[in-house]
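> Need the 3D shape of this:
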Amino acid sequence: MGSTVVDRLRQQAKAAALGPQRAVAMADLAAALARTGEGDEAQRLIEDASQLAQDTRVAADADCACALALARALAAYFSRRHADCEQALDILINLAGHHARPDWEAMARGWLSTTCFVRSAVVPAVEHAVAGLALHSAGGPRQAEAQARLRLSVANLFAWCDLTQEATPWYLAAHRLARAADDDIMTEAVLHKLALVQAEEVTDLFLDGRQDTARWREALAGLQSSQSLMQQLGVTALDAVMPLTRANLLMAAGDFAGACALYDTQLDRARDQQLHSHHAQALACRAVCSAELGRPDAARADMAEAGALWASLGPGGRAGLARGLARAAQALQDEMLRTHWVQQFTRAHAEVDGLHERLRHALAAQVPPAPVD
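Below you'll find the predicted structure:
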């Protein structure tokens with residue numbers, strides 16, 4: 001079926017007259033393709049649009065310069081080149097200031113907040129979100145798209161602080177803005193994140209020795225809905241996340257063999273896509289499943305590999321990893337190892353709690369309590 005955004009932008013790029021209009025349409029299409037995982041085609045379009053922009057008349061156009069900077073940033077982001085992404089977004093902020101385009105600055109702030117959050121730099125993620133939200137009333141043709149991205153970032157920050165009730169209206173606001181803009185890629189991104197939050201809560205319950213069947217069913221339904229939309233749109237960006245999340249839900253339901261089979265097919269892909277936290281967590285969860293299935297050697301091998309990734313993770317990733325490894329050690333009936341990982345979890349979780357407290361104050365003080373559109 002494909003994305004309506006991509007289809008619409010393809011038509012615009014074909015119909016646009018040579019000059020700034022064509023360059024902007026090509027850059028916008030490149031950005032959309034990067035968001036769906038079509039990085040090679042996105043890069044070719046960026047190069048073609050850059051060639052057009054060598055014409056001084058085209059290069060002087062504000063939308064052309066800004067659209068190209070965003071396309072370069074998103075091509076880098078979805079290739080997990082976060083430093084290149086942030087550099088391109090800094091350029092976009094400078095261009096937006098030079099051309100007096102606050103909507104483009106809001107767009108840059110939204111994606112900077114997103115990429116900072118992904119690499120566990122949560123304090124600057126809040127700062128960029130706050131700065132971008134403050135530009136809402138400044139207007140501009142890109143403002144709705146920018147504010148949808150910013151609201152999704154704020155929702156993610158609230159969810160990371162375990163403030164699901166506060167996160168929900170921001171997810172809904174992001175979804176509403178994306179639907180109003182007929183941006184099916186952004187709509188999918190919001191549903192995707194909501195599904196991941198629900199599934200993570202259910203997984204954590206299981207690893208802590210608790211279960212909630214109703215919440216498990218709700219999480220599975222959300223995951224299936226998001227996966228279906230991804231398939232309809234042809235979204236392949238970082239596509240190891242959803243199968244790994246499904247494997248976590250299978251584990252939480254006690255289907256350890258089914259979960260192991262799914263982990264086996266996705267772990268290498270998660271590593272290749274540089275999904276460090278997901279990769280480490282999946283190793284720990286596969287260790288749980290192997291231990292429950294009476295495969296202690298396989299479980300200990302995964303635990304050792306996952307433990308070696310400890311230093312590469314942020315506080316939240318370490319807390320999640322320690323929770324999983326403690327559960328695996330419990331299934332192995334190795335009390336000494338379980339005690340070690342419980343202690344590691346306690347330390348990591350204390351660090352996370354400290355960050356949560358800082359972010360709660362920052363969000364409460366600087367971000368409106370509910371989105372107003």
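
> By mean pLDDT, point me to the weakest helix or strand of this protein.
Using mean pLDDT, DSSP states H and E, helix 56-59 stands out as the lowest-scoring helix or strand of the chain, at a mean of 62.

> Now the element after it, going C-ward?
Using DSSP states H and E, the helix or strand that follows helix 56-59 in sequence is helix 62-77.

> Dump the helix or strand following that next one to PDB, restricted to CA.
Sequence order places helix 82-98 as the next helix or strand after helix 62-77, per DSSP H and E. Written as PDB, here are the backbone C-alpha positions of helix 82-98 (Å, rounded to 0.1, in the frame of the first residue of the first chain):
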ATOM      1  CA  HIS A  82      23.500  10.700  15.900                       C
ATOM      2  CA  ALA A  83      26.500  13.100  15.900                       C
ATOM      3  CA  ASP A  84      25.900  13.800  12.200                       C
ATOM      4  CA  CYS A  85      22.200  14.200  12.800                       C
ATOM      5  CA  GLU A  86      22.700  16.700  15.600                       C
ATOM      6  CA  GLN A  87      25.200  18.700  13.600                       C
ATOM      7  CA  ALA A  88      22.700  19.000  10.700                       C
ATOM      8  CA  LEU A  89      20.000  20.100  13.100                       C
ATOM      9  CA  ASP A  90      22.300  22.800  14.600                       C
ATOM     10  CA  ILE A  91      22.800  24.000  11.100                       C
ATOM     11  CA  LEU A  92      19.000  24.000  10.600                       C
ATOM     12  CA  ILE A  93      18.600  26.100  13.800                       C
ATOM     13  CA  ASN A  94      21.100  28.700  12.500                       C
ATOM     14  CA  LEU A  95      19.400  28.800   9.100                       C
ATOM     15  CA  ALA A  96      16.000  29.200  10.700                       C
ATOM     16  CA  GLY A  97      17.300  32.200  12.700                       C
ATOM     17  CA  HIS A  98      18.900  33.700   9.700                       C
END
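
> Please identify the helix or strand for residue 12.
Using DSSP H and E, residue 12 falls in helix 4-15.

> Whichever helix or strand comes after that helix vs helix 4-15, what angle?
Toward the C-terminus, helix 4-15 is succeeded by helix 20-36 as the next helix or strand (DSSP H and E). Angle, helix 20-36 to helix 4-15, by axes from the mean of the first three to the mean of the last three CA atoms, to 10 degrees: 150 degrees.

> measure the residue sitting nearest the centre point of the chain to residue 272 for me?
Taking CA atoms, centre = their mean, the centroid of the chain lies closest to residue 118, which sits 6.3 Å from it. Per CB to CB, to the nearest Å, residue 118 is found 17 Å from residue 272. Bear in mind the C-beta positions are built from the backbone N, C-alpha and C, glycine included.

> swap in residue 22?
On the measure of CB to CB, residue 22 and residue 272 end up 35 Å apart.

> Tell me how many other residues surround residue 146.
For residue 146, the count of nearby residues is 25 (other CB atoms under 10 Å).

> Quick check: which helices or strands does the strand or helix carrying it pack against?
Residue 146 is located in helix 143-160, with elements delineated by DSSP H and E. The helices and strands touching helix 143-160, judged by 3 or more CB pairs under 8 Å, 6 or more residues apart in numbering; DSSP states H and E, are helix 102-118, helix 122-133, helix 164-180, helix 184-207, helix 335-366.

> Buried residues in the last one, which are they?
The one in question is helix 335-366. Neighbour counts over helix 335-366 (16 or more other CB atoms under 10 Å) mark 337-338, 340-342, 344-345, 348-349, 352, 355-356, 359-360, 362-363 as buried.

> for it, packing partners?
With 3+ CB pairs under 8 Å, 6+ apart as the test, helix 335-366 has helix 122-133, helix 143-160, helix 315-331 packed against it.

> how about those in JSON lines, adding mean pLDDT and distance to residue 256?
JSON lines is the format used below for those (pLDDT from 0 to 100; distance: least, CB to CB, whole Å):
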{"stretch": "helix 122-133", "mean pLDDT": "91", "distance to residue 256": "33"}
{"stretch": "helix 143-160", "mean pLDDT": "90", "distance to residue 256": "28"}
{"stretch": "helix 315-331", "mean pLDDT": "94", "distance to residue 256": "9"}
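
> so which of those comes closest to residue 3?
Proximity to residue 3, assessed across these by CB to CB, is greatest for helix 143-160 (14.4 Å).

> As CSV, could you dump the C-alpha coordinates of the closest one?
Extracted in CSV, the C-alpha atoms of helix 143-160 (Å, rounded to 0.1, in the frame of the first residue of the first chain):
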residue,chain,number,x,y,z
GLN,A,143,4.6,24.5,12.6
ALA,A,144,2.0,21.7,12.9
GLU,A,145,4.5,19.0,11.8
ALA,A,146,7.1,20.4,14.2
GLN,A,147,4.6,20.5,17.1
ALA,A,148,3.5,16.9,16.5
ARG,A,149,7.2,15.8,16.8
LEU,A,150,7.7,18.0,19.9
ARG,A,151,4.6,16.5,21.6
LEU,A,152,5.7,13.0,20.9
SER,A,153,9.1,13.8,22.5
VAL,A,154,7.5,15.3,25.6
ALA,A,155,5.2,12.2,25.9
ASN,A,156,8.3,9.9,25.6
LEU,A,157,10.0,11.9,28.4
PHE,A,158,7.0,11.6,30.7
ALA,A,159,6.8,7.9,29.9
TRP,A,160,10.5,7.4,30.7
